[in-house]
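Chemist: I'd like to go over a predicted model; first the sequence, then the structure.
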Amino acid sequence: MKCSRRWYILITILFFSACIIFNYNHTTTTHNGLVNFLGNGIMLEFLMGTVTGIVFLSTVSVKPVVTNILMFAGVAGLLLSVFTGYGIISQGIGIVLGTLSLERVLIWGLPSALLVAGVALKEKVHPVFIHSFWIAIGNASFSIYLTHLIILPSLYVKCWIRFGVTDMIQPDLLLLISLALAIMGGFLFYKMVEIPVLRKLNAYVTKQAGIDLAAVKK
């Protein structure tokens, strides 16, 4: 039985929402890896991005006043966390276990999602010129996201501390250098791993689709 695209989207959202609700009510009694992964509150951030992508790719046109409100709310929410503080939601262990995920989503995730949605939907109505450099970085963003958790700690422990760089360079400047290197590493991963893997997967899916179509015709 085949489902329409809308049903797939709805089922996906309902599935992860149910996992998050279950995990949130059982974080103190279970540490099942699969449950903590699928039911981690941070999944809400991915779902919010999914909704933004669906609206962007649809025929829906969002008025400029709405996009402005979304952007303003996003910036205001992020600035609020700067002045009021954000507690310990930056600690990775709390996110991995899911005990701080919902707090993180509320304080950082929601404002960020509003800002991204506002900018993306405004660009949909009024396209702007974006330099190819930023487009390339955007295309590599998932690889950068996957690799930065490995690159940044490795730089800090194996390079900056080991060779005394932390004592020679001002912390804020060192942070910018680290971020630049993490982006470069993620971009290389995108070129050398993600693109080849996606090409092979696309070729495989296309081949399988061709075989299925040929079988149907017979």
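Modeler: Thanks, I have it. What you see is a predicted model; the values in this text were computed from it and never measured.

Chemist: Show me where this protein dips below the pLDDT cut-off.
Modeler: Segments of the chain classed as low confidence (criterion: pLDDT under 70) are 1-6, 25-35, 96-98, 209-218.

Chemist: Show me the residue at the heart of it, geometrically.
Modeler: In the chain, the C-alpha closest to the average C-alpha coordinate belongs to Phe46, at a distance of 5.8 Å (C-alpha atoms, centre = their mean).

Chemist: Assign it to helix, strand or coil.
Modeler: Using DSSP: H, G, I helix; E, B strand; the rest coil, the three-state assignment for Phe46 comes out as helix.

Chemist: In space, what's closest to Glu194 - neighbours in sequence excluded?
Modeler: The shortest distance from Glu194 to any non-neighbouring residue, by C-beta to C-beta, 6 or more residues apart in numbering, is to Ser143 (4.9 Å). (Glycine included, C-beta is placed from N, CA and C.)

Chemist: Output the contacting helices and strands for the strand or helix carrying Val116.
Modeler: When secondary structure is defined by DSSP states H and E, Val116 falls within helix 110-125. The helices and strands touching helix 110-125, judged by 3 or more C-beta pairs under 8 Å, 6 or more residues apart in numbering; DSSP states H and E, are helix 43-57, helix 64-84.

Chemist: Now whichever strand or helix holds Ala180 - C-alpha only, CSV.
Modeler: Element membership for Ala180 (DSSP H and E) is helix 171-189. Once non-C-alpha atoms are left out, helix 171-189 reads as follows in CSV (Å, rounded to 0.1, in the frame of the first residue of the first chain):
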residue,chain,number,x,y,z
PRO,A,171,40.6,32.9,23.4
ASP,A,172,38.0,34.6,21.1
LEU,A,173,40.5,34.6,18.2
LEU,A,174,41.3,31.0,18.8
LEU,A,175,37.6,30.2,18.8
LEU,A,176,37.3,31.8,15.4
ILE,A,177,40.3,29.9,14.0
SER,A,178,38.9,26.7,15.4
LEU,A,179,35.5,27.3,13.8
ALA,A,180,37.1,28.1,10.4
LEU,A,181,39.1,24.9,10.6
ALA,A,182,36.0,22.9,11.5
ILE,A,183,34.2,24.3,8.6
MET,A,184,37.1,23.5,6.3
GLY,A,185,37.2,19.9,7.6
GLY,A,186,33.5,19.5,7.2
PHE,A,187,33.6,20.8,3.7
LEU,A,188,36.4,18.3,2.8
PHE,A,189,34.3,15.6,4.2
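
Chemist: gap between that helix and the chain center?
Modeler: Using C-alpha atoms, centre = their mean, to the nearest Å, we find the averaged C-alpha position of helix 171-189 to lie 18 Å away from the chain's own average C-alpha position.

Chemist: ok, now stretch 189-202?
Modeler: Offset of stretch 189-202 from its chain centre (C-alpha atoms, centre = their mean): 19 Å.
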